[in-house]
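J.: predicted coordinates and the sequence they were generated for:
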Amino acid sequence: MNLFFNVLLYIFFISPINENNTELLFIGHAYGNPHAGNDEKIEPSLLTFLNNKDLSKYKYIVWGGDFFETCSNESEVENFFKLLPYKAIEKSIFVYGNHEMYCYEKETLRFIKKNENQLITINDYDLFFINSNFKNINQVNQALKLVEKSEKKIIFTHQVIFSPDNWFLRTNSRDFYSVANKFYNELIKISKNITIISGDIGAFKRMPYLVYFKNSGNNLIASGLGNGVNNYIVSIKIEKNDLSFHKINLDDGTKSSLKPDNINYSTTINAIQFFFFSKKRGFAFVLLLISPIFYFIYRKYKKNLKV
């Protein structure tokens, strides 16, 4: 009963306050570590931050998908609203992740539909909260039609739509990516100077948890929680003709400017890490390295036999 009351409260009564604020928080993969044993709670460092920090300067808090691990678990959904402070819930905007899509038709997740493909304008920037769990090209075309006329656009998604594969940038999963990548490919044909902020990284150790690429005038950002070591969220300051990005360390509360990464260096490191993430590939690589040693021993052994 409490769950339905909280959901209804969000849908019908909660609206953002502090209309003069132009700074947002973005949180990716908020449920955190997939190996935590389904504790039915969001990432602990995030929960502490939202409960203890002054959130009044933020206009919105954007949840970039996967804030639930098991969306059909009503206890987990209820805990989300029960444990979060009202000051966070009242300014929250939710973007569907692949974990939430499994319960797309469930009444308990109706509150997400309120924000599905929503448009909000701040200082002449159009903010689009896109459900990037595309199932077909028709949904892609609908999303493109929604954003195409905007000259200054910020697009929030769950899928890291600018990651064509895990060799370029490893994501938490590749669910819905084959079509989501088509959305990105068409988007950059019709638009310039786009900002894309996505939340499908960071769930595991030794994988990207926060990236910022500046590519052909586009801001490409991805951020996510779960690896247990690097717990960061992103703030976006939207001013007239200017955007600024900061990273916030949830463990110590420090806030620092988010600078663009070297895309070639970052993708090379990612490819190496992704290669060794597979035990089979790592084992094959080790065999390849030591095979000359075995060959040398074999040749020496054969030579001794002839003697």
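T.: Nice, I can see it. Model, not experiment: these values are computed from the prediction. Numbers count the residues shown, from 1 in each chain.
J.: break down the chain into its helices, ranges please.
T.: Secondary structure of the chain (DSSP state H): helices at 2-12, 44-52, 74-83, 86-89, 98-101, 110-113, 137-147, 177-190, 263-277, 279-306.
J.: tell me which residues of the third one come out buried.
T.: Put plainly, it is helix 74-83. By 16 or more other C-beta atoms under 10 Å, the buried positions in helix 74-83 come out as 76-81. No exception for glycine: its C-beta is placed from N, CA and C like everyone else's.
J.: same list (those residues) but as TSV, adding distance to T267 and pLDDT.
T.: Compiled in TSV, these are given as follows (distance: C-beta to C-beta, whole Å; pLDDT from 0 to 100):
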residue	distance to T267	pLDDT
E76	35	94
V77	37	94
E78	41	94
N79	37	93
F80	34	94
F81	39	94
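J.: check what pLDDT T267 gets.
T.: With respect to pLDDT, T267 scores 89.
J.: how many neighbours does the closest residue to it other than its chain neighbours have?
T.: Distances taken as C-beta to C-beta, 6 or more residues apart in numbering place F168 nearest to T267, at 5.4 Å, with adjacent residues excluded. With neighbours defined by other C-beta atoms under 10 Å, the count for F168 comes to 16.
J.: give me the low-pLDDT residue ranges for the stretch 151-300 of the chain?
T.: Applying pLDDT under 70 to the stretch 151-300 of the chain picks out residues 277-291, 294-300.
J.: change it to 80
T.: For the stretch 151-300 of the chain, residues meeting the criterion pLDDT under 80 lie at 275-300.
J.: list the residues that contact K237.
T.: Contact partners of K237, counting by C-beta atoms under 8 Å, 6 or more residues apart in numbering, are 22-23, 243-246.
J.: beta partners for F26?
T.: Judged by DSSP bridges, the bridge partners of F26 are V62, V234.
J.: end-to-end on stretch 142-162?
T.: 19 Å (C-alpha to C-alpha, to the nearest Å).
J.: buried ones in it?
T.: Buried-residue list, stretch 142-162, by 16+ other C-beta under 10 Å: 143-144, 146-147, 150, 152-162.
J.: what is the nearest of those residues to I190?
T.: Of all these, I190 sits closest to L144, with 6.9 Å by C-beta to C-beta.
J.: just to revisit the earlier point, please narrow the buried residues of stretch 142-162 to those residing in strands.
T.: Counted as lying in strands by DSSP state E, out of those, are 153-157.
J.: got JSON lines for those, with distance to G32 too?
T.: Shown next, in JSON lines, are those (distance: C-beta to C-beta, whole Å):
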{"residue": "K153", "distance to G32": "30"}
{"residue": "I154", "distance to G32": "25"}
{"residue": "I155", "distance to G32": "24"}
{"residue": "F156", "distance to G32": "20"}
{"residue": "T157", "distance to G32": "20"}
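J.: thinking again about what came up before, buried subset of the contacts of K237 as a PyMOL selection?
T.: In PyMOL, this line selects whichever of the contacts of K237 come out buried by 16+ other C-beta under 10 Å:
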select buried, resi 22+23+245+246
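J.: closest to S235 among the contacts of K237?
T.: H246 (4.5 Å).
J.: surely the closest one meets K255?
T.: Yes - counting by C-beta atoms under 8 Å, K255 is a contact partner of H246 at 5.2 Å.
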